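Colleague: When you get a sec, could you give me coordinates for this:
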Amino acid sequence: MRAFKYSKFAATLTAAIFAVSLSNCSIHTSTRSTNRSSYKAKPLPPGQAKKIHGQKSARRFAPGHNKK
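Modeller: Numbers count the residues shown, from 1 in each chain. Down below sits the predicted model:
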């Protein structure tokens, strides 16, 4: 009888933990239009693009400097 109580307790505990873990996996949606995806992203400055790409000169990344 004692083993039956422990197995029933273990099954109940497992089911409770499973139910709690599923309840925490909810998807949060927002109806506001002021989220980050609606903002226009600023272009990267030429110096920062130069650092990312590992170039020595930022001329390639500056819009006013055309290669001659």
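Colleague: Run a quick neighbour tally on residue 52.
Modeller: When neighbours are defined as other Cβ atoms under 10 Å, residue 52 has 10 of them. Heads up, the C-betas are built off the backbone N, CA and C, glycines and all.
Colleague: Under the pLDDT cut-off, which ranges of the chain? List them.
Modeller: The model of the chain has pLDDT under 70 over residues 1-5, 23-40, 65-68.
Colleague: quick check: longest helix of it.
Modeller: The residue-count maximum for a helix in the chain (DSSP state H) belongs to helix 2-23.
Colleague: Using CSV, write down the CA coordinates of that helix.
Modeller: Extracted in CSV, the C-alpha atoms of helix 2-23 (Å, rounded to 0.1, in the frame of the first residue of the first chain):
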residue,chain,number,x,y,z
ARG,A,2,2.9,2.3,0.8
ALA,A,3,4.5,1.9,-2.7
PHE,A,4,1.1,2.7,-4.3
LYS,A,5,0.9,6.0,-2.3
TYR,A,6,4.4,7.1,-3.4
SER,A,7,3.7,6.2,-7.0
LYS,A,8,0.4,8.1,-6.9
PHE,A,9,2.2,11.1,-5.3
ALA,A,10,5.0,11.0,-7.8
ALA,A,11,2.5,10.9,-10.7
THR,A,12,0.5,13.8,-9.2
LEU,A,13,3.6,15.8,-8.6
THR,A,14,4.9,15.1,-12.2
ALA,A,15,1.5,16.2,-13.7
ALA,A,16,1.5,19.3,-11.6
ILE,A,17,5.0,20.3,-12.6
PHE,A,18,4.1,19.6,-16.3
ALA,A,19,1.0,21.7,-16.0
VAL,A,20,2.9,24.6,-14.5
SER,A,21,5.6,24.4,-17.1
LEU,A,22,3.1,24.5,-19.9
SER,A,23,1.3,27.5,-18.4
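Colleague: what comes up buried for the following helix or strand past that helix?
Modeller: Once the chain leaves helix 2-23, the next helix or strand it forms, by DSSP states H and E, is helix 46-53. Judged by neighbour count using 16 or more other Cβ atoms under 10 Å, the buried positions of helix 46-53 are 46, 50.
Colleague: Good, wrapping up.
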